[in-house]
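Novice: take this sequence and fold it.
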Amino acid sequence: MFLKKLWPFGKKHKKQKQNANAIDYSVPERLYTPVNQLDMGMYVIELDRPWLDSPFLFQGFEITTQSEIMQLKECCDYVYIDTTKNRKRRPEGIGSSTKQPVETNIDFGTPPPKLSEFEREIQRAEIVHKQVSELVSGFMDRIAKGEGIDTKSAKAAVAECVNSILHSPDAFLWLNQLKNKDEYTSQHSLNVCVLSIVLGRHINFSMENLNNVGLCGMMHDMGKMLVPLHILNKPGKLEPHELEVMRSHTTLGYELLSSSKDMYPGAIKAALSHHEMLDGKGYPNKLNHKDIPLLTRIITIADIYDAMTSDRVYQKGRTHLEATSTMADLSGSHLDGRLVTKFIEALGVYPPGCIVMMTNGSIGIVVEVNEFVRLRPKIIILLDSNKQVVPEKVTNLADMEVDEHGRLLTIKGIVKAQDYNIDIGKYYQQGILQKGFAHSK
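Specialist: Reported below is the predicted structural model:
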C-alpha cells in the first residue's frame, strides 16, 4: 500500500480532449505533483505527510502566493492537486521528468523601510546578540553531551533577531563583526542566522519566512557538535578519512533536528543540504538546482560568506570585497546567482563593521549604510592620515564632508583590520559607538 501511494503512475486517468486555450480541466483529476512543479492557482488537496505536521491550517487550499509554494517546498517532497479546481492550465512538465525550479519564477520584492535608526537600535541589539550568543553556545554544549535542542527557545531567540533586524539591519551586522576564532562554531551559527534574515528582509520575506530562514541558519551546523573535537578543531588540512567524518555533520544534524520536537521541517532540510551545489557537485546527496529549496540556498550563501570572512585557526578571514568576488565567481555553478546579487545588495558595498581607508589616507570603521547613497555610509574615523589615533566621531559621508585640505572625503577601499593593528572587539568594549555618536552631536 505504501509503494502504491508513492508511485505516481499507479492510477491512470482518462481525460477529455480540450481546447489548447482552455483555462480549467474538464475532467476531475487527482494529480501527483512534485513540489518543484507547483505553480500559482493550483489547488492542493493532499500532502506527503499529515496536515498537522505542516504549517497550513486548512486541508485543501488554492496556491495564491509564492510564499505558499516556498512553504510547501520546505516541508514536502510532493503533493496531490485537484485539477478541477485549478485556475490555470497545467504547467508544462507536470507529470513528466522535465522539472524547472520554482525559484526562477519568484519576483523578489524590495526591502521594507527600516523601523528605526542604528543609534537607537544598537543598544537593544547588543542585549539580544549577547543573549542569543549564550543560547546558541548552550545548545551546542548540550548536544555535545548527548542532549537535545529546545526548539521553543530557539524560535523565540530567532524572533528577537528578526525584530531587531527589521528595526535596523546595520546594528546586528555590526555586531556580527565581533568574532572570536576560538568560538567560531557557535558564533558562525548566529552569524549565518543573522545574515540569512538580512537577506530575507532585503527580498521582502514575510515575517513567518524571516523566522523560518533565521531558524534554518541557527540550526544548520548543529551536527558539528557530534563530530570528534580533534577533527572539528584541527588546525591543518584534513586527511581524506577525516574529511569524510567532517562532512557527516550534515547527516548528523539532519538526524538530530529530525528528533527535535516541533522543529521546522525546512531547518531539518537545510542542515542536511546546506553544502549541496546547484551543479550537483555538493554533498551529501549531490543534489542539483531543482532539488535544493530556496531557504537552503540562502543558508548556503550566508554560510560561505561568514566562513570566508572569519579568522580561523588555519586561515585569516577575507575582506568583504574578496569574499563577495569569490561568491560572484561561484554564481550559477555552485550558488544561486540572483540570491548572491541580492545578498551583496543587502550588505552593501561597505557593510557595517568593515574597516575602510579614506581618500586622505585616514582609517575608519563603517557604522551604518545609507540606503539611498550606498557609497557614502556613516563612519567613525579611528586613525588620521598619519595613522595616529583620533577622538571617535560619527561622520555621515552623505553630508559631503571634506577633509583637512578641503577635498571631498570619500572611501578609497576596504582594508584588513590587522594591517593597522585594529581590534574591533577592543574598540567595541571601550564604547566606540556610544562615544562616536556622542561626539557627533
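
Novice: buried set for whichever strand or helix holds residue 157?
Specialist: In this structure, residue 157 sits in helix 151-167 according to DSSP states H and E. Buried residues in helix 151-167, counted by 16 or more other CB atoms under 10 Å: 151, 154-155, 157-158, 160-167. Glycine gets a C-beta too; all of them are placed from N, C-alpha and C.

Novice: avg pLDDT for stretch 118-125?
Specialist: Here stretch 118-125 scores 90 as its mean pLDDT.

Novice: run through who's touching the helix holding residue 157.
Specialist: For helix 151-167, the surrounding residues in contact (CB atoms under 8 Å, 6 or more residues apart in numbering) are 112, 114-116, 120-121, 124-125, 128, 131-132, 135-136, 139, 171-172, 193-194, 197-198, 201, 207, 210-211, 214-215, 218-219, 260-264.

Novice: among those residues, name the buried ones.
Specialist: 114, 121, 124-125, 128, 132, 135-136, 139, 171-172, 193-194, 197-198, 201, 210-211, 214-215, 218-219, 260, 263-264.

Novice: in strands, which of the residues you listed fall?
Specialist: Assignment to strands by DSSP state E places none of those there.

Novice: where helices are concerned, which of those residues count?
Specialist: Here DSSP state H is the test, and the buried ones among the contacts of helix 151-167 give 121, 124-125, 128, 132, 135-136, 139, 171-172, 193-194, 197-198, 201, 210-211, 214-215, 218-219 as lying in helices.

Novice: quick one, what contacts residue 78?
Specialist: 8, 32, 33, 34, 35, 48.

Novice: state the distance from the nearest residue to the fifth one once chain neighbours are set aside to residue 281.
Specialist: Setting aside the residues directly before and after it, residue 35 is nearest to residue 73 in space (CB to CB, 6 or more residues apart in numbering), at 4.4 Å. Separation of residue 73 from residue 281 (CB to CB, to the nearest Å) stands at 22 Å.

Novice: which one's more surrounded, these two?
Specialist: residue 73 (25 against 11; other CB atoms under 10 Å).

Novice: residue contacts, that one?
Specialist: Here residue 73 is in contact with 35, 36, 38, 102, 293, 294 (CB under 8 Å, 6+ apart).

Novice: what helix or strand is it on?
Specialist: helix 66-75.

Novice: average pLDDT for that helix?
Specialist: 77.

Novice: do the same with stretch 280-295
Specialist: In the prediction, stretch 280-295 has an average pLDDT of 92.

Novice: which parts of it are buried?
Specialist: Buried, per 16+ other CB under 10 Å, within stretch 280-295: 282, 283, 287, 288, 289, 290, 291, 292, 293, 294, 295.

Novice: now for those: which two are most distant?
Specialist: 283 and 294 (19.8 Å; CB to CB).

Novice: list just the nearest of the buried residues of stretch 280-295 to residue 247.
Specialist: residue 283 (5.4 Å).

Novice: list the residues that contact the closest one.
Specialist: Residue 283 sits in contact with 247, 250, 275, 276, where contact means CB under 8 Å, 6+ apart.

Novice: thanks a lot, see you next time.
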